[in-house]
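Novice: pasting the structure only:
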C-alpha cells in the first residue's frame, strides 16, 4: 500500500542550495527518485535504494529536471524540464535513464506530473507564467489526449487518490492557495482548507481517508509545515524557490 508525504529540505552541510525529493517506491527493493544540484548548477534526476545506497544519476544536460515520479511498476520516471525551449514540458525516461521521450509540447509550462496508481494516466498542471493562471490536466501515459479539469485561478500539484477516483490539488481560485479535491474527471470540486496561509502539495494517506499537505499558515509564512488533518507534524524554514516543488511519495 502506498503512502504520501510532502517534503522539502536543504542540504546545509554539503553547502548545496537546496534539494527537492519526490519519490514513489512501488515494490521491494524500494527505489527513490529525486532531483539534486549535487553535481553542478542544474537539478538532475537520481535514484537510490530506500536506505540511501546505490545513488545513481540518470540525466545530464543544461536545464533543471524536476518533480520526478516513478510509475507504479517502477519501470519509468516522469519529470518536467525546459529542455532546449523556454517552456517547461513533461518527459518520460526508463528507470535506468534511457529512452527519453517528450510527452507534452505546448506553448505553456507543463509541470508537476503525477502517475495514477493504475499507471495508465498522468496528471499535471499547465499554464502561462506571465498570468499566474494554471490548470490541472490529465493525459494518457503516452502523452496523448490531454484534458483540462480546471479553469479558475492557479491550480497546481495534483495528487491521485489511492483508488484513482479523485484528485487533490492546491488552488488559489478563492484567494490564497488552499487544498481542494475533485473527481478524477474534474467534477464536484470541493475546498478542504480555509486558512489565510498558503496550503500546498497535498498527498493522500494509503487508505484514502486523510490528506497531508504543506502549509505556510504559521508565523506569517516563515515556517513550512506538513499537516495531517490541520495538525502540524513537522516544520522547517521554507525555501521560497521551492514552494511549488515540494512533494514526495513513500511506500
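Specialist: Nice, thanks for sending it over. The structure presented is a predicted model; accordingly, all values stated were derived computationally and were not measured.

Novice: okay, CA-based contacts and neighbour counts for the rest of this
Specialist: OK.

Novice: name the element residue 98 belongs to?
Specialist: In this assignment (DSSP states H and E), residue 98 forms part of neither any helix nor any strand.

Novice: and the residue nearest to it when sequence neighbours are not counted, how many neighbours?
Specialist: Here the nearest residue to residue 98 in space, its sequence neighbours aside, is residue 58; by CA to CA, 6 or more residues apart in numbering that works out to 8.0 Å. Using other CA atoms under 10 Å, the number of residues around residue 58 comes to 16.

Novice: Do I have it right that residue 58 meets residue 92?
Specialist: No - counting by CA atoms under 8 Å, residue 58 stays clear of residue 92, with 11.7 Å between them.

Novice: Enumerate every residue touching residue 59.
Specialist: 44-46, 97 (CA atoms under 8 Å, 6 or more residues apart in numbering).

Novice: Surely it is within a strand?
Specialist: No - secondary structure assignment (DSSP: H, G, I helix; E, B strand; the rest coil) places residue 59 in coil, not in a strand.

Novice: So it versus residue 101, what's the distance?
Specialist: Plainly put, residue 59 is 13 Å away from residue 101 if you go by CA to CA, to the nearest Å.

Novice: try residue 204
Specialist: Distance of residue 204 to residue 101, computed by CA to CA: 28 Å.

Novice: Those two: which is more packed in?
Specialist: Neighbour count, other CA under 10 Å: between residue 204 and residue 101, residue 204 has more, with 24 against 14.

Novice: Next one: the more buried one from residue 212, what distance?
Specialist: 6 Å.

Novice: got a list of what residue 103 touches?
Specialist: Listed by CA under 8 Å, 6+ apart, the contact set of residue 103 reads 89-92, 142-144.

Novice: out of these, which is most surrounded?
Specialist: Scoring the contacts of residue 103 on neighbours with other CA under 10 Å, the highest-scoring entry is residue 90 at 28 neighbours.

Novice: Can you tell me which helices and strands the helix or strand hosting that residue packs against?
Specialist: Using DSSP H and E, residue 90 sits within strand 89-94. Strand 89-94 sits against strand 76-81, strand 101-102, strand 109-115, with contacts defined as 3 or more CA pairs under 8 Å, 6 or more residues apart in numbering; DSSP states H and E.

Novice: Work out the gap between it and the centre of the chain.
Specialist: 14 Å (CA atoms, centre = their mean, to the nearest Å).

Novice: partner strands of it, parallel or antiparallel?
Specialist: strand 76-81 (antiparallel), strand 101-102 (antiparallel) (DSSP bridges).
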